[in-house]
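Student: My questions are about this predicted structure, shown below with the sequence.
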Amino acid sequence: MSDRNTDFSNEQKRYLEGYMSGLQVGRAVQSLNALGGAKTSAGKPVSEPTGPDALAIKAQDRVLAAGGKLSDPEKFKRELNPLDAYEKLKEQAHNNEAPKPADNFRWRFHGLFYVAPAQASYMCRLRIPNGILKYWQFAGLADLAQRYGGGYAHATTRANIQIREIEPRNAVLMLEELQMLGLCSRGSGADNIRNVTGTPTAGIDPQELIDTRPYARDWHFHILNERALYGLPRKFNVGFDGAGRIPVLEDTNDIGFQAVVVKDGFGVEGGVYFRLVLGGITGHHDFARETGIVLKPEEATLVADAVVRVYIENGNRSDRNKARLKYVLDAWGMEKFIAAVEQQLGRALSKVPPEALAARPAFDRFAHIGVHKQKQEALNWIGVSLPVGRMSVAQMHGLAQVARDFGDGDLRLTVWQNLLISGVADAHAAAAEQAIAALGLSTAASSIRTGLVACTGNVGCKFAASDTKRHAEEIAQWCEARVGLDTPVNIHLTGCHHSCAQHYISDIGLLACKVEEGEEQIEGYHVYIGGGFGPNAALGREIYRDVRADELPPVIERMLRCYLAQRTSGDETFLSFARRHEVTALKAMFESELVT
């Protein structure tokens, strides 16, 4: 070894000191930028946030600069971005540790919801664009539900799947093995753009105007790969309706894309477009609003991106109850909002009057259950009824096998908490139905179960006031044995004001509550009637309050019996019947049914 002197010269020392000082300043600036910029003593930023999170951070900074306060979730995101916290999640999993509130919020960015006190475990919610997955992915989900969950899964009202009862030690394994299946859960909860819905019969529907699959897929991957779109002030829903036979409920989404035919002579070339509607959120009493805008289908992702960016900049970050897109539209009006979207895009959007649009094909309230002809010759889709959306692992494996053996290998989830198996040849349809029946599931279009929807309820959600899935099943069993319905009636049960089961748009909507019985509080519901969607869009009207859950099945029975007895003809729907009468008249008729 050389005995040469290794001490640095004074000039070298000054150079190294300056270099290290520069590194430290750079790191500090990066850290402060991630938190919204360095602050002076007056609390004002001294450097502009940069990077993909800058849009959201600047929006937070404007709230603080104006003397406002950020909501707790905004503080959580500002302190540690959930997408930068994966190592912390892994550490908690290693220790089998339940998350504190801040991390419980953060982990929802990864699709994990710690649902205590309802269950001392995580629920994992997926992202499945257009609700379509392969039989081997579905079977793989069954394996994960068995290995890490409670041995079952739920189909949701966003054409999605949830797996429950995941211990903290298994949370990361669940996420990573989902990705090994070619699936993911990122952004499926908290302040994110949720699962992208589309027409479940896309590409196989004889009446569709647009196959929504490529557009839902494009938007799905755009979200996953554009970090700036994770900076929302609240959750956000987008739905694509290709005008197929099964409704997508796109008018209940923040952004709805509706396939339409534009006639010639209205300033744009005639043909098939997406009509843009904005601000749907029926839990806050609003359907998506007309904008007059029509888009070429390939423009959907760019326009959705612009809408979301305007929302990120201007959504409420102090009051969570006023943070959805609806409230920006309420404050600004549609004209100002669209002008901001056009500025973001750098061009004007095409607008046409209502008379430029041809009538859209009608939906079919039975089309998501039973055997139906596809546009492809000699092929069918089969709609399977999942009792209030629940599937056992054995049923999931069985359905995957039916899709593989008799269909084209796809399983297609719907917003009605059920699924379709597509590509079943005429010659195999009967055998496929028999195989489904052997799993304890039905393809028969029961007039009650066809439209029966229930959220998770208090078994798995801390917000819910009642066991909605159990009560839904009790209503179905009671009424099916006593009422001979010959037309579908939608009955939706939701456990709280978040309205995950969208009770306001149902023929009969049930909102869970607590009913006082002496000194006790027992499970019950407020009852709404006459809600609808699509061309029949309207919010249900409250007809009963504080009905005990155990008294609910006979109440629903009376309502259905009265409808059958009082309708003007066999063609009159429950919705039309309910809307012909004032609430007081309906109550009188329903009560008279009690004594007849």
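Tutor: Received the coordinates, thanks. Just so we're clear, the structure is a prediction, and the values are computed from it rather than from any experiment.
Student: shaky segments in this protein?
Tutor: 1-46, 594-596 (pLDDT under 70).
Student: Repeat the analysis, applying 50 as the threshold.
Tutor: 1-6, 8, 11-43, 45-46, 595-596 (pLDDT under 50).
Student: Would you map the strands across the stretch 451-596 of the chain?
Tutor: 452-454, 491-494, 508-517, 520-529, 541-548 (DSSP state E, counting those that start in this stretch).
Student: How far off centre is the shortest one?
Tutor: Right, strand 452-454. Taking Cα atoms, centre = their mean, to the nearest Å, the mean C-alpha location of strand 452-454 is offset from the chain mean by 15 Å.
Student: cool, and the third one?
Tutor: With Cα atoms, centre = their mean as the basis, strand 508-517 stands 23 Å off its chain's centre.
Student: What residues of it count as buried?
Tutor: 508-513, 515 (16 or more other Cβ atoms under 10 Å). Heads up, the C-betas are built off the backbone N, CA and C, glycines and all.
Student: Turn these into a markdown table, columns for distance to residue 378.
Tutor: Below are the buried residues of strand 508-517 laid out as a markdown table (distance: Cβ to Cβ, whole Å):
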| residue | distance to residue 378 |
| --- | --- |
| 508 | 39 |
| 509 | 40 |
| 510 | 42 |
| 511 | 45 |
| 512 | 46 |
| 513 | 51 |
| 515 | 54 |
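Student: mind listing the strands for the stretch 1-150 of the chain?
Tutor: 112-114, 122-125, 132-134.
Student: Tell me which of the ones you listed sits nearest to residue 297.
Tutor: Minimum separation from residue 297 across the strands of the stretch 1-150 of the chain (Cβ to Cβ) falls at strand 132-134, 17.7 Å.
Student: Residues in contact with that closest one: which ones?
Tutor: Contact with strand 132-134 is made by 183, 200, 202, 213, 409-413, as judged by Cβ atoms under 8 Å, 6 or more residues apart in numbering.
Student: where do the helices sit along the stretch 51-200 of the chain?
Tutor: For the stretch 51-200 of the chain, applying DSSP state H, counting those that start in this stretch gives helices covering 54-65, 72-79, 86-94, 101-107, 135-148, 171-180.
Student: Among those, which comes closest to residue 570?
Tutor: helix 135-148 (39.0 Å).
Student: Buried residues in that closest one, which are they?
Tutor: 135, 137-142, 144-146, 148.
Student: Leaving out the residues flanking it, which one is nearest to residue 370?
Tutor: residue 445 (4.8 Å; Cβ to Cβ, 6 or more residues apart in numbering).
Student: Distance-wise, check residue 558 relative to residue 592.
Tutor: When distance is defined by Cβ to Cβ, to the nearest Å, residue 558 is 9 Å away from residue 592.
Student: More neighbours: these two, which one.
Tutor: residue 558 (18 against 13; other Cβ atoms under 10 Å).
Student: so the more buried one touches residue 589, yeah?
Tutor: No: taking Cβ atoms under 8 Å as the definition, residue 558 is not a contact partner of residue 589, at 9.1 Å.
Student: which of the residues in stretch 279-293 are buried?
Tutor: 279-284, 286-289, 291-293.
Student: Please flag which of those residues sit within strands.
Tutor: 289, 291-293 (DSSP state E).
Student: for the residues you listed, which one is nearest residue 323?
Tutor: residue 289 (17.9 Å).
Student: For the closest one, which non-adjacent residue is spatially closest?
Tutor: residue 279 (5.2 Å).
Student: Ramachandran coordinates for that neighbour?
Tutor: Reported as degrees, to the nearest 10, the phi and psi values for residue 279 are phi 90, psi 20.
Student: That one contacts residue 290, doesn't it?
Tutor: No: applying Cβ under 8 Å, one finds residue 279 not in contact with residue 290, separated by 10.2 Å.
Student: wait, what's in contact with residue 96?
Tutor: Counted by Cβ under 8 Å, 6+ apart, residue 96 has contacts 167-169.
Student: For these, which single residue is the most surrounded?
Tutor: residue 168 leads those on contacts (other Cβ under 10 Å) with 21 neighbours.
Student: So that residue is in contact with residue 124, correct?
Tutor: No: assessed by Cβ under 8 Å, residue 168 is found out of contact with residue 124, at 11.9 Å.
Student: Provide the contact partners of stretch 419-429 at residue level.
Tutor: 155, 200-201, 204, 368, 371, 374, 376, 378-384, 386, 399, 402-403, 406-414, 432, 436.
Student: Can you flag the buried ones in these?
Tutor: 155, 200-201, 204, 368, 371, 374, 379-384, 386, 399, 402-403, 406-414, 432, 436.
Student: all helices of the stretch 251-400 of the chain, in order?
Tutor: Going by DSSP H, counting those that start in this stretch, the stretch 251-400 of the chain shows helices at 300-314, 325-332, 334-345, 393-406.
Student: Run the angle between the longest one and helix 54-65 for me.
Tutor: With axes from the mean of the first three to the mean of the last three Cα atoms, to 10 degrees applied, the angle from helix 300-314 to helix 54-65 works out at 20 degrees.
Student: so what does helix 300-314 touch, helix or strand wise?
Tutor: Under the contact criterion of 3 or more Cβ pairs under 8 Å, 6 or more residues apart in numbering; DSSP states H and E, helix 300-314 touches helix 54-65, helix 213-224, strand 255-262, strand 271-278, helix 325-332, helix 334-345.
Student: tell me the contacts of residue 194?
Tutor: Taking Cβ under 8 Å, 6+ apart as the test, what residue 194 contacts is 158, 187-188, 235-238.
Student: Go again with 6 Å.
Tutor: Residues near residue 194 by Cβ atoms under 6 Å, 6 or more residues apart in numbering: 235, 237.
Student: Thanks again, I'm all set now.
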